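Visitor: Model the following, please.
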Amino acid sequence: MRQLEKCSIVTARDTMRQLEKCSIVTARDTMRQLEKCSIVTARDTMRQLEKCSIVTARDTMRQLEKCSIVTARDNETTRKVQHSGSDRSGPSVRERNTPSLKFLVVALSLLLLCALVALCVVGVLYFSKGVSSESVSDQCASAVEPMSAQLHNATAAAEQLKSHLHQVQANYENALRNIASFNETERKYEELKVKSRKAHEAFSNCSDCQNCALCGDGWKPFGVKCYYFSTDKLNWMNSRDHCAEKGGHLVIITSQAEQDFLALHLHENHWIGLNDLETEGKWMWVNHQSLTETGVTFWYKRSGQPNEPDNWKNEDPSGENCAELHSSDTWFDASCHKLKKYVCVKDKLNFF
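Guide: You can find the predicted model right below:
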């Protein structure tokens, strides 16, 4: 035992002390070195490991050789010193501890390698997570911007539609008021029309008024007017001129009562003061009033065939441009050149 102490045989405890003296990098030192070197990605980690000279398994073995940790040469020298007492004492303590020492060195090297691999994996995962978070953030930002623009456009469109809706609602209310006003006007007009017809009929049926209405020979009184039913036949133009010579004009029919009165005295067709000589299809009375202004029409209507006026041109190529009052109490268009009886009218006031 004393001889072993003199020869300074390295034990396991001496080996650990030598490792501490040689500053062999442990897992904790590796972590500190990685923090100092600011490793970012897996590739950067490998590069930084090379730059920082992190001890690998080979470096560990080299450090052990530099620190004069027991080598094969030391073992040989020790064996020479111990040769004299080898027969009595048997195998030395150092020889017995050499396999354990090698095993310890290999274990430490493997531990360091595992620590390095783990740090590389952690670095890769951390970098991937950081890149993925930045990518998601960029995608979210790029998606939010167009959505914000679309929201702004939709808000502006909604405001515009709202203003249009208010305008349409205002126009609709104005239209309702106008319709109500028109309906009221039409109702009053119908009431006045009925009252006028009743007054007209009452005045016509008054025998005293009929006796005092001096219309003249051949004229028949009705209301405030006198009517002349011709016995001769003329074309429409000559009939118009002849009525003017007698102080009147071809009859203008403005009511159902007047239409009924004329039909009672007709036994054949008579010219009336209606024509479309100036514009085809635009029928005008001899006083230049349109049918729309007088408000009454009594054209003949056929079932399954064109109604009157039909402007038939088989007899006259120029068409049928003058109106006649038929004995059936309806109007027909006819050729203005045909010879027909006619009805003239004038006011009674001309004779009072």
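Visitor: Just to check, residue 341 is in contact with residue 230?
Guide: Yes. If you go by Cβ atoms under 8 Å, residue 341 and residue 230 touch, sitting 4.9 Å apart. To be clear about C-beta, it is placed using only N, CA and C from the backbone, and glycine gets the same treatment.
Visitor: Would you mark the buried spots in stretch 259-266?
Guide: Judged by neighbour count (16 or more other Cβ atoms under 10 Å), stretch 259-266 contains these buried residues: 259, 261, 262, 266.
Visitor: about what we covered before: which neighbours do residue 341 and residue 230 have in common?
Guide: When contacts are counted by Cβ atoms under 8 Å, 6 or more residues apart in numbering, residue 341 and residue 230 have residue 270 as shared neighbours.
Visitor: Sort out which one of the buried residues of stretch 259-266 lies nearest residue 303 for me.
Guide: Checking these against residue 303 by Cβ to Cβ gives residue 259 as the nearest, at 21.6 Å.
Visitor: Next up, the contacts around the closest one.
Guide: Contacts of residue 259 (Cβ under 8 Å, 6+ apart): 253, 296, 298, 329.
Visitor: could you flag which of these are buried?
Guide: Burial by neighbour count, judged by 16+ other Cβ under 10 Å, picks out 253, 298 from the contacts of residue 259.
Visitor: Between the contacts of residue 259, which sits nearest residue 191?
Guide: Ranked by distance to residue 191 (Cβ to Cβ), the contacts of residue 259 are led by residue 296 at 16.9 Å.
Visitor: Give me the below-cutoff pLDDT ranges for the stretch 251-352 of the chain.
Guide: Applying pLDDT under 70 to the stretch 251-352 of the chain picks out residues 349-352.
Visitor: What segments of it are helices?
Guide: Taking DSSP state H, counting those that start in this stretch to define them, one finds helices in the stretch 251-352 of the chain at 256-264, 291-294.
Visitor: got it, and the chain?
Guide: 2-6, 12-21, 27-37, 42-51, 57-66, 72-81, 86-89, 93-205, 207-212, 236-245, 256-264, 291-294 (DSSP state H).
Visitor: thinking again about what came up before, out of the helices of the stretch 251-352 of the chain, the one nearest residue 115 is which?
Guide: Proximity to residue 115, assessed across the helices of the stretch 251-352 of the chain by Cβ to Cβ, is greatest for helix 291-294 (107.1 Å).
Visitor: List the buried residues of that closest one.
Guide: Under 16+ other Cβ under 10 Å, helix 291-294 has no buried positions.
Visitor: Show me what it is packed against.
Guide: When contacts are defined as 3 or more Cβ pairs under 8 Å, 6 or more residues apart in numbering; DSSP states H and E, helix 291-294 packs onto no helix or strand at all.
Visitor: Show residues contacting that helix.
Guide: Under the contact criterion Cβ under 8 Å, 6+ apart, helix 291-294 has outside partners 252, 253, 254, 274, 283, 285, 297.
Visitor: thought residue 249 was touching residue 273?
Guide: Yes. If you go by Cβ under 8 Å, residue 249 and residue 273 touch, sitting 5.9 Å apart.
Visitor: Name the residues contacting each of those two.
Guide: Residues touching both residue 249 and residue 273 (Cβ under 8 Å, 6+ apart) are 240, 243, 286, 287.
Visitor: mind putting those residues in JSON lines, neighbour count included?
Guide: Listed next are these as JSON lines, based on neighbours: other Cβ atoms under 10 Å:
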{"residue": "240", "neighbour count": "20"}
{"residue": "243", "neighbour count": "24"}
{"residue": "286", "neighbour count": "16"}
{"residue": "287", "neighbour count": "11"}
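Visitor: Turn those into JSON lines, columns for distance to residue 307.
Guide: Listed next are the shared contacts of residue 249 and residue 273 as JSON lines, based on distance: Cβ to Cβ, whole Å:
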{"residue": "240", "distance to residue 307": "25"}
{"residue": "243", "distance to residue 307": "28"}
{"residue": "286", "distance to residue 307": "23"}
{"residue": "287", "distance to residue 307": "25"}
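Visitor: Enumerate every residue touching the residue nearest to residue 257 when sequence neighbours are not counted.
Guide: Using Cβ to Cβ, 6 or more residues apart in numbering and skipping the chain neighbours, the partner closest in space to residue 257 is residue 197 (5.2 Å). Contact analysis of residue 197 by Cβ under 8 Å, 6+ apart lists 255, 256, 257.
Visitor: if we can go back for a sec, between the helices of the stretch 251-352 of the chain, which one is nearest to residue 188?
Guide: Shortest distance between residue 188 and the helices of the stretch 251-352 of the chain, using Cβ to Cβ, is found for helix 291-294: 18.1 Å.
Visitor: With just CA atoms, put the closest one into PDB.
Guide: Output in PDB follows, covering the C-alpha atoms of helix 291-294 (Å, rounded to 0.1, in the frame of the first residue of the first chain):
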ATOM      1  CA  LEU A 291    -111.600  62.500 -78.200                       C
ATOM      2  CA  THR A 292    -109.400  62.600 -75.100                       C
ATOM      3  CA  GLU A 293    -110.700  66.100 -74.300                       C
ATOM      4  CA  THR A 294    -114.400  65.300 -74.800                       C
END
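Visitor: Much appreciated, bye for now.
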